[in-house]
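S.K.: I'd like to go over a predicted model; first the sequence, then the structure.
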Amino acid sequence: MMLSVQSIDAAYGDAQALFGLSLDIKAGEAVTLIGRNGMGKTTTIRAIMGLTPPRAGAIHFEGQRIDGLKPHEIARRGLGLVPEGRQIFVHLSVEENLVATAANRTKGATPWTLARIFNLFPRLAERRAQSAGTLSGGEQQMLAIGRALMTNPRLLILDEATEGLAPLIRQDIWNCLAALRAQGLSILIVDRNLDELMRLADRHNVVEKGRVVWSGTSQELAAERERIEQRIGV
């Protein structure tokens, strides 16, 4: 098991957001979190990354417990985050964004490099010296994904990876994720596009009021799609 989230609670002050939420990801799997806004998907990601530490339960990554570690310590274990809202360094160039957090701590045989990122996203190669704040929204999202990949993660986590993007750019992002999936990278993704998620992912988790209320494979989701869409408001 690559990631195991076991019965975690999380809160913002007195407002509890997660109630005994559990999920797991096997090595090489793509897994989703789906649900309406405000149901706890982003909080789950924040708990995994140590940004909103869980108040109960446990989180293990590759057999080692990581809840209680600081965010940078968790990232160094091999988790790469593409956060909601991208959060790129707008005053740095595209290339500076990519090299700012670059590391190959896991000593992978084929680490992510600038050349590989530019091959994955040719638009970024064309704009490598350009200030990141002047990029389009889709290009900024590509940059956020590239920046996470440059940390050479074993698990890539994406929060609303295609939200607000033009259709052609969204498809570029989905194609990129499919390519990463084909390379064996483990992925946890939050998004709203069920068609693309069912093509990409092995398993899905519906989050409602801070709990996983349904989980299953893409085939099972397709069989229950109408009921699931009613629950998540698609």
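M.R.: Noted; the coordinates are in hand.

S.K.: which stretch of helix or strand covers Asp69?
M.R.: Small correction: residue 69 is Leu, not Asp. Counting by DSSP states H and E, no helix or strand carries Leu69.

S.K.: does it really touch Met49, like I thought?
M.R.: No - counting by Cβ atoms under 8 Å, Leu69 sits too far from Met49 to count as a contact (9.8 Å). Using the backbone N, CA and C atoms, a C-beta is placed for each residue, glycine as well.

S.K.: Can you list the buried residues in stretch 159-169?
M.R.: For stretch 159-169, a neighbour-count test (16 or more other Cβ atoms under 10 Å) marks 159-163, 165, 169 as buried.

S.K.: Name the surrounding residues that touch that stretch.
M.R.: Contacts with stretch 159-169, where a contact means Cβ atoms under 8 Å, 6 or more residues apart in numbering, come from 41-42, 45, 81-84, 136-138, 141, 145, 170, 173-174, 177, 189-193, 196.

S.K.: ditto for stretch 132-147
M.R.: With Cβ under 8 Å, 6+ apart as the test, stretch 132-147 has contacts from 82-83, 86-94, 96-98, 100-101, 117, 120-121, 123-124, 127, 156, 158, 161-162, 164-166, 169-170, 172-173, 176.

S.K.: got it, and stretch 32-44?
M.R.: Against stretch 32-44 from outside (Cβ under 8 Å, 6+ apart): 5, 8, 10, 12, 17-18, 21, 23, 45, 52, 84, 159, 188-192, 194, 197, 201, 203-211, 228, 231-233.

S.K.: Filter those residues down to just the ones in helices.
M.R.: Of these, the ones assigned to helices by DSSP state H are 45, 194, 197, 228, 231-232.

S.K.: Which secondary structure elements does the lowest-mean-pLDDT helix or strand in the chain sit against?
M.R.: In the chain, the helix or strand scored least confidently by mean pLDDT, DSSP states H and E is helix 225-232, which has a mean of 90. If contacts are counted by 3 or more Cβ pairs under 8 Å, 6 or more residues apart in numbering; DSSP states H and E, helix 225-232 sits against helix 194-200, strand 203-208, strand 211-217.

S.K.: Appreciated, that's everything.
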